[in-house]
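S.K.: all I have is the shape, not the residue letters:
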């Protein structure tokens with residue numbers, strides 16, 4: 001029982017980290033900090049615009065791969081079998 005509790009606690013921590021990073025990138029960089037970021041150019045586009053249009057999507061995809069990798073490590077740590 002303790003092993004299950006520990007597994008889900010670590011899983012929820014990973015989910016919270018992913019959601020926090022995605023929120024900061026999409027809402028923080030794409031909306032709240034768009035004006036200061038627009039002073040910087042990336043590939044000819046204003047950085048604030050880039051984060052609002054592309055950056056949050058790229059971050060989301062990267063977080064999916066990171067979460068998958070972390071969950072594989074967590075499964076091995078807690079001896080969880082694939083179904």
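M.R.: It's in. Remember, it's a predicted structure, so these values are computed and weren't measured experimentally. Numbering: from 1, shown residues only.

S.K.: which secondary element of this structure has the worst mean pLDDT?
M.R.: Using mean pLDDT, DSSP states H and E, strand 41-42 stands out as the lowest-scoring helix or strand of the chain, at a mean of 84.

S.K.: centre of the chain to it, how far?
M.R.: In terms of Cα atoms, centre = their mean, to the nearest Å, the centre of strand 41-42 is found 22 Å from the chain centre.

S.K.: can you name the element that comes right after that strand?
M.R.: Downstream of strand 41-42, the first helix or strand assigned by DSSP states H and E is strand 45-46.

S.K.: and that following strand, how far out from the chain's middle?
M.R.: Taking mean C-alpha positions (Cα atoms, centre = their mean), strand 45-46 and its chain are 23 Å apart.

S.K.: and stretch 72-82, by the same measure?
M.R.: Using Cα atoms, centre = their mean, the offset of stretch 72-82 from its chain centre is 21 Å.

S.K.: and if you look at stretch 20-34?
M.R.: 11 Å.

S.K.: buried sites along that stretch?
M.R.: Neighbour-count burial for stretch 20-34 flags 25, 26, 29, 30, 34 (criterion: 16 or more other Cβ atoms under 10 Å). (Glycine included, C-beta is placed from N, CA and C.)

S.K.: measure that stretch end to end?
M.R.: 18 Å (Cα to Cα, to the nearest Å).

S.K.: same thing with stretch 16-29?
M.R.: End to end - Cα to Cα - stretch 16-29 spans 19 Å.

S.K.: how many neighbours does the spatially closest residue to residue 42 that is not a sequence neighbour have?
M.R.: In this structure, residue 42 finds its nearest non-sequential neighbour in residue 50, 5.1 Å apart by Cβ to Cβ, 6 or more residues apart in numbering. Using other Cβ atoms under 10 Å, residue 50 has 21 other residues around it.

S.K.: what helices and strands are in contact with the helix or strand that residue 50 is a member of?
M.R.: Assigned by DSSP H and E, residue 50 belongs to helix 47-50. Secondary-structure packing of helix 47-50 (3 or more Cβ pairs under 8 Å, 6 or more residues apart in numbering; DSSP states H and E): helix 34-37.
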